[in-house]
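>>> My questions concern the predicted model and sequence given below.
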Amino acid sequence: MKKLLVAVTAITAFSTAATALAAPATETLSIAATAVPHAEILEFIKPALAADGVTLQIKVFTDYVQPNVQVAEKNLDANFFQHQPYLDEFNKAKGTNLVSVAGVHVEPFGAYSSTLKSLAELPEGANVVIPNDATNGGRALLLLQKAGVITLKDGSGILATPRDIASNPKSITIRELEAATLPRVLNQVDLALINTNYALEAGLKPTSDALIIEGSDSPYVNILVARADNKDSPAMQKLAKALNSAEVKAFILEKYQGAVVPAF
């Protein structure tokens with residue numbers, strides 16, 4: 001009997017050790033994201049990452065500043081909400097050294113109105129609002145120029161501001177507001193140029209509701225961002241791989257119907 005108990009104990013110990021060896025080591029990644037589509041995409045890949053040994057903790061933010069601050073200060077591991085021009089300008093302004101890990105998707109930027117059916121109806125002296133951060137404000141102005149509403153000074157690019165407007169045939173008034181607030185003032189202005197993530201959150205459909213919209217060839221790819229000291233960690237690379245998977249591409253195409261476009 002004693003020998004039997006010893007044998008059973010040995011078998012149990014061996015089985016427990018084997019199970020422990022077989023179970024993948026788990027690591028937790030905390031990531032900041034805006035709600036739509038970024039957090040939705042992350043929620044989609046969460047089960048697959050868990051099966052690969054990475055527990056994803058998603059923190060939803062409503063602004064474009066704190067996600068970078070929290071990663072730079074090592075309160076969070078990564079973020080997913082911005083494009084490279086915005087990241088470059090943030091690093092320059094704040095003295096941070098955040099880096100891109102992977103490009104995921106493009107959100108074609110659009111102009112919306114609650115009263116106009118086409119841009120041709122834009123009245124003289126119209127009230128127009130654009131994002132107040134440097135790169136998205138410039139992006140909005142470039143889109144207005146492409147549509148023939150304004151002309152910018154030669155050499156104006158992604159960092160253009162209203163001061164760079166060379167001609168304004170309809171004498172429109174352009175105000176810069178926090179990007180997240182733009183959908184909320186849509187019924188108070190003639191035209192609002194809104195980032196697609198905030199447009200989607202507000203129930204707008206960019207492909208049908210936008211009066212003008214960037215093409216799918218927009219260069220503003222939304223990226224997974226981390227620090228230089230953790231961008232190459234195994235867990236971060238697993239996250240990047242999952243975000244660039246065929247499953248995510250299919251998810252984006254089906255769910256957003258052209259309002260969000262895979263960039264891989």
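Cool, got the structure. All of these numbers come straight from a predicted model, not from anything done at the bench. Numbers count the residues shown, from 1 in each chain.

>>> C-alpha from now on. contacts and neighbour counts both.
Noted.

>>> Quickly find the element holding the spatially most central residue of the chain.
Centroid-nearest residue in the chain, with Cα atoms, centre = their mean: residue 81, separated by 2.5 Å. Residue 81 is part of strand 78-83, with elements assigned from DSSP states H and E.

>>> Return the distance of that strand from the chain's centre.
Distance of strand 78-83 from its chain centroid, counting by Cα atoms, centre = their mean, to the nearest Å, is 5 Å.

>>> Can you list the strands that that strand pairs with?
strand 27-34 (parallel), strand 221-227 (antiparallel) (DSSP bridges).

>>> Give me the contact list for the helix or strand following the last one.
If I follow you right, that is strand 221-227. Reading on from strand 221-227 to the C-terminus, the next helix or strand found by DSSP H and E is helix 234-243. Residues outside helix 234-243 that contact it (Cα atoms under 8 Å, 6 or more residues apart in numbering): 27-29, 41-42, 45, 48-49, 52, 54, 101-102, 104, 224, 230-231, 248.

>>> buried stuff in helix 234-243?
Within helix 234-243, the residues that count as buried by 16 or more other Cα atoms under 10 Å are 235, 236, 238, 239, 240, 242, 243.

>>> Can you tell me how far the fourth one is from residue 120?
When distance is defined by Cα to Cα, to the nearest Å, residue 239 is 44 Å away from residue 120.

>>> again with the second one
When distances are taken as Cα to Cα, residue 236 and residue 120 turn out to be 47 Å apart.

>>> And the lowest mean pLDDT element among the helices and strands of this protein?
Taking mean pLDDT, DSSP states H and E as the measure, the helix or strand of the chain with the lowest value is helix 2-22, at a mean of 43.

>>> mind listing the helices for the stretch 151-264 of the chain?
196-201, 206-209, 234-243, 246-256 (DSSP state H, counting those that start in this stretch).

>>> Is it possible to get CSV of those that adds mean pLDDT and distance to residue 35?
CSV is the format used below for these (pLDDT from 0 to 100; distance: least, Cα to Cα, whole Å):
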stretch, mean pLDDT, distance to residue 35
helix 196-201, 96, 7
helix 206-209, 95, 16
helix 234-243, 98, 16
helix 246-256, 97, 14
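
>>> Many thanks, we can stop here.
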